[in-house]
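**Q** Model the following, please.
(4 chains)
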Number of protein chains: 2
Amino acid sequence: MQDVWKEFEQNIITHSAAHHLTAISDLLVQNGYARVTDVARKLKITRGSASITLKTLKERGLVMEDENKFLKLSETGLSITQVIHLKRRVLTKFFKDILNVPEETANIDACKIEHLISTKTGEKLLSFMNFLLNDPKKSKNLLEEFAGFRMRCDETESCEICEIDCLLADKKLIGNIFK
Amino acid sequence: MQDVWKEFEQNIITHSAAHHLTAISDLLVQNGYARVTDVARKLKITRGSASITLKTLKERGLVMEDENKFLKLSETGLSITQVIHLKRRVLTKFFKDILNVPEETANIDACKIEHLISTKTGEKLLSFMNFLLNDPKKSKNLLEEFAGFRMRCDETESCEICEIDCLLADKKLIGNIFK
DNA sequence: AACTTTTGTTTAGGTTGCCAAACACATGGA
DNA sequence: TCCATGTGTTTGGCAACCTAAACAAAAGTT
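**A** Got it, this is the predicted structure:
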């Protein structure tokens, strides 16, 4: 447990790199091309900054540039980008449609996490959602039940339900600290 | 969606700071005291590095030091640490007990995410787990059903179940890129 | 052709956070 | 008392990323 924390820095892709890659991908779809300036504009950073970060991504073989300075993703770059995109979709959908988190919060959380979550966990979460949403009737039922449960739960001070029940008592405390 | 990505840097607590705080908390419980050296040893970083990071945490009013250089958490520091700890517990339990992710992976993922996930999402996830694990019989049933579903799902090439079905087809691709 | 704008790069500066190494101090033997 | 060990801080380096600002080159305008 103590040794695990340094894994954070060992990610293949940093948050910044992930967004440079997805920016290129999005721009290619939306505009048909992607240049340094376009990426910078999309990410709202300076051209200088984008230029340098993209240079390292080129050196790492994730981004390629043709003779006219048009950027595209290498095969590896594309794969990584797709995986991150899939993870974001799964996370966002889970937060929004299952947990009923407000859209804006769901988007922010998914964005922060998408490049960090393991593929194993991403896959399991996907399976789980397929399982839950499998049968439209069943899923509608489940979500409604959950909504009812949440309502009752939010009213009570604490909940002696499962072994993590004690956390609920801290709810008020939690809410005041993080935005 | 494009504007959200900079939120990442705007966290109150960085990954590193979170672990310095929890290290102090753990050490206080385990040893009864926490000094710079103890934190450094626990986190496997140099004393110099811990010294500097802890200095900024002191300046931010999250960590306090008595006349004998013994560290403790301020009230705010303690609250933040508790919240992060709660989030980690909820996430780990969800990954491990619901999604059936291997323990090591669950720990790593929770560790990477704990300081990033919003309290809103954390709370909803907690409610959801309370809901699912509410009734022991029901939950046992649900988890077994899910296990069966997963098995059937893993065998097929794709799954035309919900709107995110297309992701499953990419499973092989996903597995090869991220460790 | 001359001027303006756009583009990509580079340089200098700032921040966070790591390491290695040097220091200053204190404490605990021998 | 002298020396070894442990502790906390500081310094110089490095890496990732950001900004601001200066430039050269290309492209568009009049």
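
**Q** So A:Leu43 versus chain B, what's the distance?
**A** 7 Å (Cβ to the nearest Cβ, to the nearest Å). C-beta: built from backbone N, CA, C; applies to glycine.

**Q** I'd like the next helix or strand past the helix or strand hosting A:Leu54.
**A** In the assignment (DSSP states H and E), A:Leu54 maps to helix A:47-59. Once helix A:47-59 ends, the next helix or strand along the chain (criterion: DSSP H and E) is strand A:63-65.

**Q** how about that next one: buried residues?
**A** A:Val63 (16 or more other Cβ atoms under 10 Å in any protein chain shown).

**Q** and that strand, which strands flank it?
**A** Next to strand A:63-65 in the sheet, as set by DSSP bridges, lie strand A:71-73 (antiparallel).

**Q** Now the element after the strand it pairs with, going C-ward?
**A** helix A:75-93.

**Q** How far off centre is that next one?
**A** On the basis of Cα atoms, centre = their mean, to the nearest Å, helix A:75-93 sits 9 Å off its chain's mean C-alpha point.

**Q** And for stretch A:86-101?
**A** For stretch A:86-101, the separation from the chain centroid amounts to 9 Å (computed by Cα atoms, centre = their mean).

**Q** and that stretch, how far apart are its ends?
**A** Distance between the two ends of stretch A:86-101: 19 Å, counting by Cα to Cα, to the nearest Å.

**Q** Around the single nearest residue of chain A relative to DNA strand C, how many other residues sit close by?
**A** Nearest residue of chain A to DNA strand C: A:Gly48, at 2.4 Å (Cβ to the nearest atom of the strand). Using other Cβ atoms under 10 Å in any protein chain shown, A:Gly48 is surrounded by 10 other residues.

**Q** now it: how far from DNA strand D?
**A** Distance of A:Gly48 to DNA strand D, given as Cβ to the nearest atom of the strand, to the nearest Å: 3 Å.

**Q** Tell me the confidence at that residue?
**A** A:Gly48 is assigned a pLDDT of 96 by the prediction.

**Q** roughly how far apart are it and B:Met129?
**A** A:Gly48 is 46 Å from B:Met129, where distance means Cβ to Cβ, to the nearest Å.

**Q** same question, A:Lys140
**A** Distance, A:Lys140 to B:Met129, using Cβ to Cβ: 20 Å.

**Q** cool, A:Asp66 as well?
**A** According to Cβ to Cβ, A:Asp66 and B:Met129 sit 50 Å apart.

**Q** Near DNA strand C, which residues of chain A? Just list them.
**A** With Cβ under 7 Å from any atom of the strand as the criterion, chain A meets DNA strand C at residues A:35-38, A:46-48, A:51-52, A:54-55, A:69.

**Q** swap the cut-off to 10 Å and go again
**A** Residues of chain A that fall close to DNA strand C, judged by Cβ under 10 Å from any atom of the strand: A:5-6, A:8-9, A:33-41, A:46-55, A:58, A:65, A:68-71.

**Q** ChimeraX command for the buried members of these?
**A** Of these, the buried ones go into a single ChimeraX selection, burial set by 16+ other Cβ under 10 Å:
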select /A:5,8,34,35,36,38,39,40,50,53,54,71
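
**Q** What sits closest to A:Phe8 if chain neighbours are left out?
**A** Closest residue to A:Phe8 apart from its sequence neighbours, by Cβ to Cβ, 6 or more residues apart in numbering or on different chains: B:His15 at 4.8 Å.

**Q** tell me, how many neighbours does that neighbour end up with?
**A** The local packing of B:His15 (other Cβ under 10 Å) involves 20 other residues.

**Q** I'd guessed it sits against B:Lys112; true?
**A** Yes - at 7.5 Å, B:His15 counts as touching B:Lys112 under the criterion of Cβ atoms under 8 Å.

**Q** circling back: residues in contact with the residue nearest to A:Phe8?
**A** Listed by Cβ atoms under 8 Å, 6 or more residues apart in numbering or on different chains, the contact set of B:His15 reads A:5, A:8, B:112, B:115.

**Q** Same list, the residues you listed, but as a markdown table with pLDDT, distance to DNA strand D and secondary structure please.
**A** Formatted as a markdown table, the contacts of B:His15 follow (pLDDT from 0 to 100; distance: Cβ to the nearest atom of the strand, whole Å; DSSP: H, G, I helix; E, B strand; the rest coil):
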| residue | pLDDT | distance to DNA strand D | secondary structure |
| --- | --- | --- | --- |
| A:Trp5 | 81 | 18 | helix |
| A:Phe8 | 74 | 12 | helix |
| B:Lys112 | 94 | 15 | helix |
| B:His115 | 93 | 17 | coil |
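
**Q** avg pLDDT for the helix or strand harbouring A:Asn130?
**A** In this structure, A:Asn130 sits in helix A:119-133 according to DSSP H and E. For helix A:119-133, the mean per-residue pLDDT is 87.

**Q** Now find how far off-centre it is within its chain.
**A** Counting by Cα atoms, centre = their mean, helix A:119-133 comes out at 14 Å from the chain centroid.

**Q** burial measure for A:Lys137, as a count.
**A** 8.

**Q** by contact count, what packs against the helix holding A:Leu54?
**A** In terms of contacts (3 or more Cβ pairs under 8 Å, 6 or more residues apart in numbering or on different chains; DSSP states H and E), helix A:47-59 is packed against helix A:15-30, helix A:36-43, strand A:63-65.
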